[in-house]
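**Student:** Provided below for reference: sequence and predicted model.
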Amino acid sequence: MHATTLALVGATGGAGTTRTAVELAALGARDGRDVAVVDAAFTTQGLSEYVSGRIGTDLTTLVTDETGASLSAGTYPIALGDGGTGGDSSGGNAPDLPGRADVIPARAPFERVARAKTAEAARKLERRIDEAATSYDAVIVDAAPVGSNEAVAGVTTADRTAAVFPATTHGRDALQRLRGRIADVGGGLDRSIAVARNADGDETENDANVRLPPTDPAVASAPTAATGSGAYARAVTAAFEDAFDATVGIEFEEPGLVDRLRS
C-alpha cells in the first residue's frame, strides 16, 4: 500500500464515519493486514462503543496525562462478535481474522476532553498518529467535521483525507462545505464515500468515489465486513482499495439467483 494513514472525515454529524472506519479496519484485518482506527472525534467518542469490556487508558489520556506511555496502553481490539450476524461480542463466536483490527478510542470525562482539545494536545495527537503508522499496515483517523483541533490534526497529519457523507442532497451540499473547511486548514480532500441509508433507493445520485449501500446501523451488527459477502462487504472492499491504493485478495462467494433478483 502507498498511503498508510487515512483521515476519514464526516461531512455532517451522523454521516456514518465511525461505522465506516470500523468496517474498513475489519476488512483490512480480514485480508491479513494490521489496521488501527484512531479516534479524533473526542466529543462524540463513538469508537468506544466498538470495544468489548472496560476501557482504561484512552487516547485523551495519552495526549494529556500520560504522554510518555506507549500507544499500546490505549489500544483495544474491535469487538468482532460473530462478524455482524448477531452473535455475542464477548468473542465466543468471533471470527479468527488473519490480521488485527484495533481502535485507540476516546472515553473520558468532560474535564479531560477539554484538555485534550487544546492546540498543544493536538500536536501530541499528531505524534500518536505517526506512532501508530510505525506499528500498523494502515491507520484510519476517525474525525468529526473539521471544526476542532483534534480533527485538524487528523486531516493535516494523514497521507490522505476521505469524506464520508450521506447519499442525499443535504449530504452532497455538506460535502462541498467540507471541502472548503479542509482547504482552510491547508489540507485537501482526496476521496469521498457516500453512505446510503434508504433501501428504497430514493436518495440522490452523487459523484462519490465509492457508495456504501444500506446496512443495519446498530453497533451490535458491526463489523459486517469481517465475514460478510454481500453488497455492503463488497462495497467496503472497494472503499478500502480506493482509499489505500491497495489490492484486496478476498474472494467473495457469487450471489445466488435469489440474491441477484433482490439486488
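**Tutor:** Perfect, I can see it now.

**Student:** Name the residues that touch the helix or strand encompassing Glu241?
**Tutor:** For Glu241, the host element (DSSP states H and E) is helix 231-244. Contacts with helix 231-244, where a contact means Cβ atoms under 8 Å, 6 or more residues apart in numbering, come from 1-4, 6, 20, 23-24, 27-28, 31, 138, 160, 162, 191, 193, 209-215, 224-225, 246-248, 250, 252, 263. For the C-beta atoms, the positions are set from N, CA and C on the backbone; glycine is no exception.

**Student:** Buried residues of stretch 161-169, list them for me.
**Tutor:** Thr161, Ala162, Ala163, Val164, Phe165, Pro166, Ala167, Thr168 (16 or more other Cβ atoms under 10 Å).

**Student:** Now render the residues you listed as JSON lines, adding secondary structure.
**Tutor:** JSON lines is the format used below for those (DSSP: H, G, I helix; E, B strand; the rest coil):
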{"residue": "Thr161", "secondary structure": "strand"}
{"residue": "Ala162", "secondary structure": "strand"}
{"residue": "Ala163", "secondary structure": "strand"}
{"residue": "Val164", "secondary structure": "strand"}
{"residue": "Phe165", "secondary structure": "strand"}
{"residue": "Pro166", "secondary structure": "strand"}
{"residue": "Ala167", "secondary structure": "coil"}
{"residue": "Thr168", "secondary structure": "coil"}
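
**Student:** quick one: contacts for Val146?
**Tutor:** By Cβ under 8 Å, 6+ apart, the neighbours of Val146 are Val9, Val152, Val155, Leu178, Arg181, Ile182, Asp184, Val185, Gly187.

**Student:** what about the fourth one, neighbour count?
**Tutor:** If I follow you right, that is Leu178. 23 (other Cβ atoms under 10 Å).

**Student:** Let me know the pLDDT of the residue nearest to it when sequence neighbours are not counted.
**Tutor:** Distances taken as Cβ to Cβ, 6 or more residues apart in numbering place Ala11 nearest to Leu178, at 4.5 Å, with adjacent residues excluded. On pLDDT, Ala11 comes in at 95.

**Student:** how far away is Ala11 from Leu24?
**Tutor:** Going from Ala11 to Leu24 by Cβ to Cβ, to the nearest Å gives 17 Å.

**Student:** same check, this time on Thr156
**Tutor:** For Thr156 relative to Leu24 (Cβ to Cβ), the value is 20 Å.

**Student:** which stretches of the stretch 151-263 of the chain form strands?
**Tutor:** Ranges of strands in the stretch 151-263 of the chain, per DSSP state E, counting those that start in this stretch, are 160-166, 191-195, 210-212.

**Student:** Which of those sits closest to Gly74?
**Tutor:** Comparison of the strands of the stretch 151-263 of the chain against Gly74 by Cβ to Cβ identifies strand 160-166 as nearest, at 23.3 Å.

**Student:** mind listing what the closest one pairs with, with the direction of each?
**Tutor:** strand 5-10 (parallel), strand 191-195 (parallel) (DSSP bridges).
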